[in-house]
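A structural model of the following input is requested.
(one chain, ligands or ions: 3)
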Amino acid sequence: MQSLGGIRSWPATWRTTTASMTTTTTESVRKVAQVLTVAGSDSGAGAGIQADIKVCAARGVYCASVITAVTAQNTRGVQSVHLLPPDFVSEQLKSVLSDFEVDVVKTGMLPSPEIVEVLLQNLSEYPVRALVVDPVMVSTSGHVLAGSSILSIFRERLLPLADIITPNVKEASALLGGVRIQTVAEMRSAAKSLHQMGPRFVLVKGGDLPDSSDSVDVYFDGNEFHELHSPRIATRNTHGTGCTLASCIAAELAKGSNMLSAVKVAKRFVDTALNYSKDIVIGGGMQGPFDHFLSLKDPQSYRQSTFKPDDLFLYAVTDSRMNKKWNRSIVDAVKAAIEGGATIIQLREKEAETREFLEEAKSCVDICRSNGVCLLINDRIDIAIACDADGVHVGQSDMPVDLVRSLLGPDKIIGVSCKTQEQAHQAWKDGADYIGSGGVFPTNTKANNRTIGLDGLREICKASKLPVVAIGGIGISNAESVIRIGEPNLKGVAVVSALFDQECVLTQAKKLHKTLTESKREH
Ligand SMILES: Nc1ncnc2c1ncn2[C@@H]1O[C@H](COP(=O)(O)OP(=O)(O)OP(=O)(O)O)[C@@H](O)[C@H]1O
Ligand SMILES: Cc1ncc(CO)c(N)n1
Ligand SMILES: [Mg+2]
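Ligands and ions are numbered 1, 2, ... in the order given. Below is the predicted model of the structure:
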């Protein structure tokens with residue numbers, strides 16, 4: 001199996017370009033990111049194959065399905081399980097893997113060692129870029145979906161091939177021979193022991209951890225731990241959270257994300273979907289399914305699963321003249337800014353030729369996506385659509401926000417520059433996601449730009465229903481005074497010269513990140 005280190009990336013969704021229907025000489029081809037789920041069917045459709053297909057569809061990724069078992073299952077529990085013959089599972093695997101360009105295989109219920117065996121054989125014959133193993137063993141209702149007979153083949157042969165495994169606390173305990181896991185400290189030590197079985201990354205899920213007010217998942221990459229916290233949502237609709245999390249990781253990997261970014265997006269997706277569906281009623285039992293398609297009904301909360309206001313913390317805006325002056329490409333500038341801690345990137349290229357800009361923007365999308373950082377394009381809606389950027393930033397004399405929204409669709413982020421309370425209100429009414437406010441201090445980057453000062457910034461923050469990022473003449477020496485205004489919806493600062501009109505972008509980004517972090521801590 002190829003390692004994830006060499007992961008390829010491409011514009012991944014089926015939105016990106018349209019194939020020409022009329023030309024006969026050159027056929028335009030769209031690459032679609034593809035996941036194959038190898039899992040069991042849940043007749044209640046909250047977990048298993050049905051959840052996997054829904055998640056991938058919601059994330060813009062194609063999902064093929066090889067069924068290992070059929071369960072008679074509802075919100076009250078699992079009534080019966082029927083295993084498919086291993087030979088027939090193998091037939092399905094061959095059908096899909098010999099025909100499709102599968103990027104990532106995700107496994108769920110693998111109910112017998114013979115079925116794991118045919119999976120291993122097919123994976124050696126048809127390598128894929130990444131393998132996500134969700135070691136499903138017991139349903140939340142307590143029914144055994146895969147018994148102890150699968151433990152040894154899991155430990156010895158499947159886990160060593162996995163890029164990531166995602167056990168819940170019970171599954172982690174079973175894989176480790178029954179160790180006690182009841183605290184986050186015990187989850188950490190379980191993650192470490194599981195890592196020694198060979199997977200490249202381990203995520204121990206804490207949805208079922210007793211007595212915790214947070215829902216904590218522990219991620220281990222072999223060196224470092226990350227604890228992913230989210231408030232525990234009070235709902236009965238948690239059936240299928242595990243399948244959803246693993247499939248969302250697979251979908252993000254298929255689109256080109258690195259592992260930690262994929263896991264973070266997946267955790268946020270589960271959290272947003274659970275929150276959105278916490279009071280729906282489907283079925284009469286204790287374990288209801290939730291709604292994966294919130295994007296169709298509540299676009300704003302869907303956007304929040306990829307963009308959150310805190311992403312505005314250190315907002316880097318590129319400038320073609322500065323890159324030319326320091327003789328570096330946009331791509332190198334963006335790489336250095338991200339490495340130094342930039343949390344969102346905007347490409348603002350006023351003089352670039354369209355064709356060249358588009359190619360550069362595509363490369364920047366790949367870099368940003370693999371680092372889990374959103375990329376916005378200034379003003380050029382056409383470029384944003386063509387390179388599948390995460391959104392745009394527009395000024396008051398650019399295209400109006402409601403039109404931008406209708407062109408970009410519900411999933412994309414829109415930011416607007418606002419100097420007055422009225423403009424801030426309008427931006428909110430038109431469906432923007434954040435506003436940029438300034439110039440806070442005088443600047444040379446933008447000619448004839450009125451300075452609003454810290455007082456003007458404070459007024460706009462008070463009036464704005466949207467998160468605010470401050471812009472204009474901000475750098476290491478005055479960033480603290482901006483943070484110090486202490487308005488809760490002021491989420492960060494946007495900078496141009498302070499990063500890009502500098503000899504070393506990386507060093508300046510690191511310094512500014514440190515200054516902002518310290519200022520935030522103190523105020
Ligand atoms: N009530 C909740 N509120 C917020 N997040 C939750 C809640 N329950 C589970 N999660 C999150 O959902 C994800 C799946 O975790 P969980 O431990 O429930 O997996 P699982 O037991 O394999 O799920 P399944 O119900 O599919 O068997 C984790 O990221 C976990 O933190
Ligand atoms: C088929 C199936 N797979 C996985 C799970 C775990 O949620 C389930 N309940 N049912
Ligand atoms: Mg659970």
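
okay, CA-based contacts and neighbour counts for the rest of this
OK.

Confirm for me that residue 458 is in contact with residue 485.
Yes - when contacts are counted by CA atoms under 8 Å, residue 458 is listed as touching residue 485 (6.8 Å).

ranges for the strands of the stretch 151-300 of the chain?
Assigned by DSSP state E, counting those that start in this stretch, the stretch 151-300 of the chain shows strands spanning 164-165, 201-204, 214-220, 225-231.

so what's residue 299 up against?
410-411 (CA atoms under 8 Å, 6 or more residues apart in numbering).

For it, give its distance to ligand 2.
Counting by CA to the nearest ligand atom, to the nearest Å, the gap from residue 299 to ligand 2 is 27 Å.

Highest mean neighbour count out of the strands of the stretch 151-300 of the chain?
Of all the strands of the stretch 151-300 of the chain, strand 164-165 has the most neighbours on average by mean count of other CA atoms under 10 Å, namely a mean of 29.

I would like the residues contacting that one, please.
So strand 164-165 is contacted by 131-135, 159, 199-203 (CA under 8 Å, 6+ apart).

and if we set it to 10 Å?
The contact list for strand 164-165 (CA atoms under 10 Å, 6 or more residues apart in numbering) reads 106-107, 130-135, 158-159, 172, 191, 194-195, 198-204, 219-221, 246, 249-250, 259, 263.

just stretch 419-430 next, same as before
396, 400-405, 414-418, 432-440, 450-452, 456-457, 459-468.

So which bits of that stretch are buried?
Judged by neighbour count (16 or more other CA atoms under 10 Å), stretch 419-430 contains these buried residues: 419-421, 423-425, 427-428.

Likewise for stretch 171-189?
Buried residues in stretch 171-189, counted by 16+ other CA under 10 Å: 171-176, 181-182, 184, 187-188.

Can you add distance to residue 230 and pLDDT and give those back as CSV?
Formatted as CSV, the buried residues of stretch 171-189 follow (distance: CA to CA, whole Å; pLDDT from 0 to 100):
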residue, distance to residue 230, pLDDT
171, 21, 95
172, 20, 96
173, 23, 94
174, 25, 94
175, 26, 96
176, 26, 96
181, 19, 94
182, 18, 93
184, 14, 95
187, 16, 97
188, 17, 97
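
Closest to ligand 1 out of these?
residue 171 (8.2 Å; CA to the nearest ligand atom).

That closest one and residue 180 touch, don't they?
No - counting by CA atoms under 10 Å, residue 171 does not reach residue 180; the two are 11.2 Å apart.

Kindly report the residues of the chain close to ligand 1.
Residues of the chain lying close to ligand 1 by CA under 6 Å from any ligand atom are 139-140, 168, 205-208, 215-217, 231-234, 238-243, 245, 267, 270-271.

still on that earlier bit, tell me which of the contacts of strand 164-165 fall in helices.
172, 191, 194-195, 246, 249-250, 259, 263 (DSSP state H).

Of those residues, just say which sits nearest to ligand 2.
Distances from ligand 2 to the ones in helices among the contacts of strand 164-165, taken by CA to the nearest ligand atom, are shortest for residue 246, at 10.8 Å.

contacting residues for the closest one?
52, 55, 106-108, 132-134, 164-167, 203, 262-263, 266-267.

What score does residue 5 have for pLDDT?
Here the pLDDT value assigned to residue 5 is 36.

low pLDDT regions in the stretch 301-450 of the chain?
Counting by pLDDT under 70, the ranges of the stretch 301-450 of the chain that qualify are 301, 305, 446-448.

Could I get the full set of strands for it?
For the stretch 301-450 of the chain, the strands defined by DSSP E, counting those that start in this stretch cover 314-317, 344-347, 374-378, 391-394, 413-418, 434-437.

Turn those into a markdown table, columns for mean neighbour count.
Output for the strands of the stretch 301-450 of the chain, formatted as a markdown table (neighbours: other CA atoms under 10 Å):
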| stretch | mean neighbour count |
| --- | --- |
| strand 314-317 | 26 |
| strand 344-347 | 24 |
| strand 374-378 | 25 |
| strand 391-394 | 25 |
| strand 413-418 | 25 |
| strand 434-437 | 28 |
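
closest to residue 279 out of the ones you listed?
strand 413-418 (27.2 Å; CA to CA).

and that closest one, what other elements does it pack with?
If you count contacts as 3 or more CA pairs under 10 Å, 6 or more residues apart in numbering; DSSP states H and E, strand 413-418 packs onto strand 374-378, strand 391-394, helix 401-408, helix 421-429, strand 434-437, strand 468-471.

who does whichever strand or helix holds residue 480 touch, helix- and strand-wise?
In the assignment (DSSP states H and E), residue 480 maps to helix 479-483. The contact analysis (3+ CA pairs under 10 Å, 6+ apart) places helix 479-483 against helix 453-463, strand 468-471, strand 490-495, helix 505-522.

Just the CA trace of the first one, in PDB.
So the one you mean is helix 453-463. The C-alpha trace of helix 453-463 is given here as PDB (Å, rounded to 0.1, in the frame of the first residue of the first chain):
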ATOM      1  CA  GLY A 453      -8.800  54.200  14.100                       C
ATOM      2  CA  LEU A 454      -9.200  52.000  17.100                       C
ATOM      3  CA  ASP A 455     -12.400  53.900  18.100                       C
ATOM      4  CA  GLY A 456     -14.000  53.300  14.700                       C
ATOM      5  CA  LEU A 457     -13.100  49.600  14.900                       C
ATOM      6  CA  ARG A 458     -14.700  49.400  18.300                       C
ATOM      7  CA  GLU A 459     -17.900  51.000  17.100                       C
ATOM      8  CA  ILE A 460     -18.200  48.600  14.200                       C
ATOM      9  CA  CYS A 461     -17.500  45.600  16.400                       C
ATOM     10  CA  LYS A 462     -20.300  46.600  18.700                       C
ATOM     11  CA  ALA A 463     -22.700  47.000  15.800                       C
END
